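Colleague: sequence first, predicted coordinates after that:
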Amino acid sequence: MKLSLISAFGMSNFTMFIKPPLFRNLHQSVCSSVKSPPPPLAYIKPRMPLFLRPSTHMVAMLDLCKWYEWAKSLASSVGTTFEDVDNGPDSSLLRRELKWLVDDVTEDRAVSLLMHSEKCDRNVGIRVSLDELYKLWKERIEERRPFQYIVGCEHWRDLVLCVQEGVLIPRPETEQIVDLVADVVSDNEGLREGLWVDLGTGSGAIAIGVGMMLESLGRAIATDLSPLALSVAAFNVQRYGLQDVVELRQGSWFEPLKDLEGKVAGIVSNPPYIPSDNISGLQAEVGRHEPRIALDGGVNGMDDLLRLCKGAGSMLKSGGFFAFETNGEQQCKHLVEYMETDAGDCFCNVNIVPDFAGIQRFVTGFRK
Ligand SMILES: C[S@@+](CC[C@H](N)C(=O)[O-])C[C@H]1O[C@@H](n2cnc3c(N)ncnc32)[C@H](O)[C@@H]1O
């Protein structure tokens, strides 16, 4: 988690190094009827993840150790309570998270080792104040604030993606979408050099994974309805130096892509797919803290998936590929049925692909 931006960009204001072309259409809804040049784009400044902040707070090791012992006992007091209530984390996972928090908050790797030794007589630099550390760990345990929002990032494939409230934390099962794309481009130059679209990009995870895999041969466009998600995605795109490969556009599903009808090589998406009634029963970290706009797929969770299927036919070029993530078997079956019978004979080789846990997760196929 020590992948550092600081050396490349310093701690300069993020808005200074984000380039406007990355954000086409961010202002579209407010200036679509205006003929003169659009006003300056209103970026939302993403929050800097802990591991990228400078260690500006000097604290006595003894006080840091005291905090650590307090935090550990708070984690231990949870036992299996959260797990019993909503399948949340148990105390052993929380204690592991605590160690990761120490890694992120200290610059010097030796600190976490020293905390377990008797050598508590020195001062160390940390990236937030001790008061803030107490507050963060209380939020983790008492409010069930997700660990990834506390540290401001998530490890996903070989990436460390910045996340914050308002942006979905990318999940491990979604990593497979990039592998599905890798499979289809491996023996198909037209797809490898084509234009890929990640709809509902969130932190930019899929678009960045696909963009890196295309190795500058193809291009990707990442869209989202949420300006905050797009700001965070732009930050992540920039961190991985992909600003010439991944373009960001704001709007609902296919709406910001009208200029690309029939030209797209591939569409990938992990849309909201949780049935509305199930949201209240989700693990507290998810239901209370992750954005509803990223989760809620309507009455049976299929609203957005069906929208994507309906639009894919006119967006994809002949031979183009799609991969959509779903909630599981029922949604997969429903989508396959739609693609094979209701979609006007547009698609072929429509398949259900299981995730690594064996759950039927993805629907893939090609435009005829
Ligand atoms: C399940 S999240 C997936 C985020 C990201 N692709 C990932 O896998 O981590 C769904 C995303 O769709 C976006 N979204 C919701 N409604 C949308 C819409 N009408 N048009 C475009 N994006 C939308 C949400 O803001 C959210 O970022």
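Modeller: Good, I have the coordinates.
Colleague: show me the shaky parts of the protein.
Modeller: In the prediction, the chain carries residues with pLDDT under 70 at positions 1-43, 113-114, 116-120.
Colleague: over to Phe324. Which of the three states is it?
Modeller: strand (DSSP: H, G, I helix; E, B strand; the rest coil).
Colleague: right, and it touches Gly266 too?
Modeller: No. Phe324 lies out of contact with Gly266 (C-beta atoms under 8 Å); the separation is 11.5 Å. C-betas here are computed from N, CA, C, even on glycine.
Colleague: which of those two has more neighbours?
Modeller: Ranked by neighbour count (other C-beta atoms under 10 Å), Phe324 and Gly266 place Gly266 first, with 29 against 26.
Colleague: confirm the more buried one sits in a strand?
Modeller: Yes. According to three-state DSSP, the state of Gly266 is that of a strand.
Colleague: quick check: it touching Gly190?
Modeller: No. Taking contacts as C-beta under 8 Å, Gly266 lies outside contact range of Gly190: 10.4 Å.
Colleague: excluding residues flanking it in the chain, which one is nearest the residue of the stretch 51-200 of the chain found nearest the ligand?
Modeller: Using C-beta to the nearest ligand atom, the single residue of the stretch 51-200 of the chain nearest to the ligand is Gly200, 2.5 Å away. Of all residues not flanking Gly200 in the chain, Pro271 sits nearest, at 5.1 Å (C-beta to C-beta, 6 or more residues apart in numbering).
Colleague: returning to what we had before: can you give me the neighbour number for the residue of the stretch 51-200 of the chain closest to the ligand?
Modeller: Going by other C-beta under 10 Å, the residues that sit close to Gly200 add up to 24.
Colleague: for it, give me its contacts.
Modeller: 223-225, 253, 269-272, 294, 304 (C-beta atoms under 8 Å, 6 or more residues apart in numbering).
Colleague: how much space between the nearest residue to Ser280 once chain neighbours are set aside and the ligand?
Modeller: Closest residue in space to Ser280, ignoring its immediate chain neighbours: Gly287 at 6.4 Å, by C-beta to C-beta, 6+ apart. Gly287 sits 14 Å away from the ligand, going by C-beta to the nearest ligand atom, to the nearest Å.
Colleague: so which of the contacts of Gly200 are in helices?
Modeller: Under the assignment DSSP state H, these contribute 294, 304 to helices.
Colleague: who wins on neighbours among the contacts of Gly200?
Modeller: Asp224 (30 neighbours).
Colleague: beta partners of it?
Modeller: Gln250 (DSSP bridges).
Colleague: check contacts around it.
Modeller: Asp224 makes contacts with 200-202, 230, 233, 248, 250, as judged by C-beta under 8 Å, 6+ apart.
Colleague: list the buried ones in the helix ranked longest in the chain?
Modeller: For the chain, the helix with the greatest residue count under DSSP H is helix 61-78. Within helix 61-78, the residues that count as buried by 16 or more other C-beta atoms under 10 Å are 61, 64-65, 67-68, 71-72, 74-75, 78.
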